[in-house]
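One predicted model, sequence on top.
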Amino acid sequence: MAVKLFKPTTPGRRFASVSNWKNEVSKSEPEKSLLVSKNRKAGRNNQGKITMRHRGGGAKRKIRIIDFLQNKLNVPAKVISIEYDPNRTGYIALLQYPDGEKRYIIASADLKPGMEVINSDHRVEITPSNRMPLKDIPIGMQIHNLELVPGHGAIAVRSAGSWATVMAVEGNMAQVKMSSGEIRSIPSLAKASLGQVSNLDHRNVRLGKAGRHRHQGFRPTVRGKAMNPVDHPHGGGEGNQPIGMKHPKTPWGKPALGVLTRKKGKHSNRFILKSRKLK
């Protein structure tokens, strides 16, 4: 089991659990040539203004350079190790090509050290993390690391335990069912990797205490109800009061909680065949 429980020796340990990733990875030290320092801005833009609230602090970490493009065609690479990445929920795999070059990719659930992975522009063997165009992937196959535009690199289905399913291929377009239930039309030349993203038990981990959330880089969140009217539309009143309005609002007075944020005229709306809201 990938989730480790503790004896309730303290209030923080009583309900906490951790991902026992040390039993699932084969190497704890990352490849130094693929590391980049991470400069954190605490949710601020280039003007120093806070554009995302409740960010800051957290444990120091370095970025692992992930090869989402995988532009070495038809060259098999050997899996050297499966590693933990503090910047993402799934595990990563270190590949080594015959010329000695090393690259990181998102590891699929069944990928093991010693296996071979290949990226091709035609159908290849159906094994974990092999990559090929959607038109060559069997119908009903689970995929991840999905491109939305051919040649632009993987941009979707990259988090722990997630997968998409190839539903159909018609001409130059393929129909893919996403994890959310949305069915989207994607060019059939766009590539995807076979299998499901690793670390399936990530969703079962409970932080157990506020300190672990702070270590992840999150700062405390104050309820609008607890503020004064000058600070938030929900603020004011003596004691504990309801928000006093029909629908909740953001601190800037815009509708919040359950409001659709996708633009109605977005150019990619025409590729959505079935909305996730209608699943």
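Arrived safely.

count of residues packed around I80?
I80 sits with 16 neighbouring residues when counted by other CB atoms under 10 Å. Using the backbone N, CA and C atoms, a C-beta is placed for each residue, glycine as well.

swap in G237?
Neighbour tally, G237, other CB under 10 Å: 13.

looking at it, it is touching G244, isn't it?
Yes. Using CB atoms under 8 Å, G237 is in contact with G244, at 7.3 Å.

Just the mean pLDDT for the lengthiest helix in the chain, thanks.
When the chain is parsed with DSSP state H, its longest helix is helix 210-215. For helix 210-215, the mean pLDDT works out to 93.

Show me which parts of that helix are buried, residue by residue.
Buried residues in helix 210-215, counted by 16 or more other CB atoms under 10 Å: 213-214.

repeat for stretch 98-110
103-109.

about what we covered before: which strands and helices lie in contact with the longest helix of the chain?
Here helix 210-215 touches no other helix or strand, going by 3 or more CB pairs under 8 Å, 6 or more residues apart in numbering; DSSP states H and E.

Name the residues that touch it?
For helix 210-215, the external contacting residues (CB atoms under 8 Å, 6 or more residues apart in numbering) are 12, 16, 57-59, 207, 220.

From the chain's centroid, how far away is that helix?
Relative to its chain's centre, helix 210-215 lies at 20 Å (CA atoms, centre = their mean, to the nearest Å).

Likewise for stretch 147-159?
In this view, stretch 147-159 has its centroid 12 Å away from the chain centroid, taken as CA atoms, centre = their mean.

Could you export it as CSV, CA atoms only?
What follows is stretch 147-159, C-alpha atoms only, in CSV (Å, rounded to 0.1, in the frame of the first residue of the first chain):
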residue,chain,number,x,y,z
GLU,A,147,-0.9,16.9,-26.6
LEU,A,148,-3.8,19.2,-27.7
VAL,A,149,-1.8,20.6,-30.7
PRO,A,150,0.5,18.3,-32.6
GLY,A,151,4.2,19.1,-32.0
HIS,A,152,3.5,21.5,-29.1
GLY,A,153,4.3,19.0,-26.3
ALA,A,154,2.1,17.3,-23.6
ILE,A,155,-0.2,19.7,-21.8
ALA,A,156,-3.0,17.7,-20.4
VAL,A,157,-3.6,14.6,-18.2
ARG,A,158,-0.4,14.9,-16.2
SER,A,159,-1.4,14.7,-12.6
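
Quick one: mean pLDDT over it.
Averaging pLDDT along stretch 147-159 yields 92.

Give me the residues contacting it.
If you take CB under 8 Å, 6+ apart as the criterion, stretch 147-159 is touched by 68-70, 88-90, 106, 133, 143-146, 163-164, 178-179, 186-187, 189-193, 197, 268.

list the buried ones in that stretch?
147-148, 154, 156-159.

same question, stretch 241-252
Applying 16+ other CB under 10 Å to stretch 241-252 flags 243, 249 as buried.

quick one: secondary structure of A192?
Following DSSP: H, G, I helix; E, B strand; the rest coil, the label given to A192 is strand.

and it, how many residues sit next to it?
26.

And I272, by the same measure?
I272: 15 surrounding residues under other CB under 10 Å.
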